[in-house]
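K.L.:
Structure for the following, please:
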Amino acid sequence: MKYELRKSNSTHYYRFSYHDPKTKKQTHINKADIRKRFGRDIVTEEEAKECLKLLSAKIETEKIRILRRLEWQEKYYSFAKLADLYEEKQKRKAPNSWQNNMFYLRHYVLYFFLQEQKINLIDLWVDHFDKFVRWLETAKRIRGKGVIAYASKNHAIKALNTFLDHLEAERAITFSQRCPTFPEYLLTSRTIDDVVLPEEMEMIYEELKSAGCRTEAVFYRYLYFSGMRFNEAMAISVGDLFQGEIASEFFKNKLSAYDIKYFGYVVADGQLSKVDPFGKVSRVPFKGRKKIEEKYNRVLPIIDKVLWNDLVDLAGEVHGRMRQSQTARDCLLFTGINDTTSTKRLVRAYNARRLKWRSWHCLRHSRATYLIGQTSDSMLARIWLGQSSPRTLEKYNHLYQAITRAAKASATSGRALTLRRVD
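P.N.:
Residues are numbered from 1 along each chain as shown. Model prediction:
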């Protein structure tokens, strides 16, 4: 870990950075975080040295926690080799999701069976599936505080089962029983608190703009009306934005049937992977897709006039900065957006308006809720959102009804009863 002096106009302060072993990148602790931790800016080198010791101690503590979780690799060389072979197979089988699978395998599955239970005979693991599930109920996050979510618990169980599938295919084990996952209702249960209301969206949009975060403001509005995931929206470029009628007659007729008007549309084929030093953009397939193909493209109608005009303005600015070596597909609309900094700006916007914080992903839940609730057309929602599970979409219908009931209750609370008997 290190510190460096930063100068801004007539003021100066010290910034701290460290190498994050999880992302394998140099990570900066920004000015706002330093103020939150120490209550002030760090302006002298003596203060910087003292703060460096405290921050280094915290980061080292996190590293020790992770190393302890991986102690099984030093004790069981055969399992370390098995995990490496499985990782190579997963890279070929699931090139866009293998890292997630390996994370849960190493930090939860192998940690539990080898380090917690000390069971190095895989054939005996089946007798401890129930104990593994109960342990997951209280399993802590690797980083930060709190218990892992139910979706993460099921990711760990899936990692266990796919690892066993691999071992069975390699004839390392003979039993075929697999660990049961947690019920779906625990994973995808949503409440009114997950939905961003239209008036809330407008408030946060205006707050971000007034705070000088224009790109975040447009990005926020875009996620709200498109229902895209964060990394999917990050990949949208000038070359993906179109004006006029949607080419798909089926989709166009669906929109027309519900009188959904649009000002333009986006055609997306994948999510962002990286941008090289020359500005060339690489994309990976959407979640649940093995490769980028035209049949998996998603068409997102822009149904909000303010959003369309914002996107046109952004496209003009980005296109004006285009390098000779770039194409329109390399000109990303939302340059400067990143998960860490942009999320902090969003949190500040919510705090400024004294609203309960809602994540970027809540915007996707919101679009799904309104789309399903107002049309009851699961096919339209599946095309729009790229959602493959009808059961997941059905839950948004119940959520919309709950919002409607809450709105009606709010409208009538405190008023005189106006019901009358009829003869």
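K.L.:
and the closest residue in space to residue 342 that isn't next to it in sequence, how many neighbours?
P.N.:
Distances taken as C-beta to C-beta, 6 or more residues apart in numbering put residue 216 closest to residue 342, at 5.2 Å, once the chain neighbours are dropped. Where you see a C-beta, it was placed from the backbone N, CA and C, and this is true even at glycine. Residues near residue 216, counting by other C-beta atoms under 10 Å, number 23.
K.L.:
Residue 216 contacts residue 338, correct?
P.N.:
No - between residue 216 and residue 338 there is no contact under C-beta atoms under 8 Å: 10.3 Å.
K.L.:
returning to that earlier point: figure out the helix or strand that the residue nearest to residue 342 lives in.
P.N.:
helix 214-226 (DSSP states H and E).
K.L.:
Tell me which helix or strand comes right after that helix.
P.N.:
Counting by DSSP H and E, what follows helix 214-226 is helix 230-234.
K.L.:
Could you list every helix and strand that that next one packs against?
P.N.:
helix 214-226, strand 271-275 (3 or more C-beta pairs under 8 Å, 6 or more residues apart in numbering; DSSP states H and E).
K.L.:
which one of the ones you listed lies closest to residue 353?
P.N.:
Checking these against residue 353 by C-beta to C-beta gives helix 214-226 as the closest, at 12.7 Å.
K.L.:
Contacts made by the closest one with the rest, please.
P.N.:
196, 201, 204-206, 208-209, 228, 230, 233, 236, 266, 300, 302-304, 306-307, 310-311, 314, 334-337, 342, 345-346, 360, 363-364, 366-367 (C-beta atoms under 8 Å, 6 or more residues apart in numbering).
K.L.:
tell me which residues in stretch 316-328 are buried?
P.N.:
Across stretch 316-328, burial judged by 16 or more other C-beta atoms under 10 Å covers 318, 326.
K.L.:
Buried residues, stretch 230-245. List them.
P.N.:
Per 16+ other C-beta under 10 Å, stretch 230-245 contains these buried residues: 230, 231, 232, 233, 234, 235, 236, 237, 238, 239, 240, 241.
K.L.:
any idea which of those is the one closest to residue 106?
P.N.:
residue 231 (23.2 Å).
K.L.:
Surely the closest one and residue 272 touch.
P.N.:
Yes - counting by C-beta under 8 Å, residue 272 is a contact partner of residue 231 at 5.5 Å.
K.L.:
ok, residue 116 touching residue 135?
P.N.:
Yes - counting by C-beta under 8 Å, residue 135 is a contact partner of residue 116 at 7.1 Å.
K.L.:
Of the two, which one has the most company?
P.N.:
Legend: neighbour count by other C-beta under 10 Å for residue 116 and residue 135, higher for residue 135 (17 against 13).
K.L.:
element containing that one?
P.N.:
helix 129-137.
K.L.:
Repeat that for residue 152.
P.N.:
Residue 152 belongs to helix 150-169, assigned by DSSP H and E.
K.L.:
Low-confidence ranges, this structure, go.
P.N.:
Across the chain, the ranges flagged by pLDDT under 70 are 21-24, 61, 63-70, 72-77, 144, 184-191, 387-395, 397-423.
K.L.:
Mark out where each domain of it begins and ends.
P.N.:
Listed domain ranges for the chain are 2-69, 72-188, 198-358 (source: automatic domain parsing).
K.L.:
will you turn these into CSV that also has distance to residue 371?
P.N.:
Shown next, in CSV, are the domains of the chain (distance: least, C-beta to C-beta, whole Å):
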stretch, distance to residue 371
domain 2-69, 34
domain 72-188, 16
domain 198-358, 7
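K.L.:
I'd like to know which of these is closest to residue 378.
P.N.:
Here domain 198-358 is closest among the domains of the chain (C-beta to C-beta), at 11.3 Å.
K.L.:
just how off-centre is the closest one within its chain?
P.N.:
15 Å (C-alpha atoms, centre = their mean, to the nearest Å).
K.L.:
Relative to residue 29, how far out is residue 20?
P.N.:
According to C-beta to C-beta, to the nearest Å, residue 20 stands 11 Å off from residue 29.
K.L.:
Check what contacts the lengthiest strand in the chain and list those residues.
P.N.:
Longest strand of the chain, by residue count under DSSP state E: strand 11-20. Residues from elsewhere that reach strand 11-20 (C-beta under 8 Å, 6+ apart): 1-6, 25-31, 34, 41-43, 45, 47-48, 51-52, 55-56, 59.
K.L.:
before we move on, what about stretch 353-361?
P.N.:
193-194, 196, 200, 203-204, 207, 220, 223, 229-230, 343, 346-347, 350-351.
K.L.:
Is it possible to mark the buried ones in these?
P.N.:
By neighbour count, with 16+ other C-beta under 10 Å, the contacts of stretch 353-361 hold 194, 196, 200, 203-204, 207, 220, 223, 229-230, 343, 346, 350 as buried.
K.L.:
Show the contacting residues for residue 34.
P.N.:
Neighbours of residue 34 in contact, by C-beta under 8 Å, 6+ apart: 13, 15, 16, 41, 42, 51.
K.L.:
just curious, which of the residues you listed is nearest to residue 330?
P.N.:
Ranked by distance to residue 330 (C-beta to C-beta), the contacts of residue 34 are led by residue 15 at 30.5 Å.
K.L.:
if I look at that closest one, how far off is residue 81?
P.N.:
In terms of C-beta to C-beta, residue 15 sits 42 Å off from residue 81.
K.L.:
who has more neighbours, those two?
P.N.:
For residue 15 versus residue 81, neighbours defined as other C-beta under 10 Å are more numerous around residue 15 (18 against 11).
K.L.:
Distance check, that one against residue 231.
P.N.:
In terms of C-beta to C-beta, residue 15 sits 27 Å off from residue 231.
K.L.:
cool, and residue 324?
P.N.:
From residue 324 to residue 231 the distance is 28 Å (C-beta to C-beta).
K.L.:
Also residue 381?
P.N.:
When residue 381 is compared with residue 231 (using C-beta to C-beta), they lie 20 Å apart.
K.L.:
quick revisit: of the contacts of stretch 353-361, which is the nearest to residue 177?
P.N.:
Among the contacts of stretch 353-361, residue 229 lies closest to residue 177 (C-beta to C-beta), at 34.3 Å.
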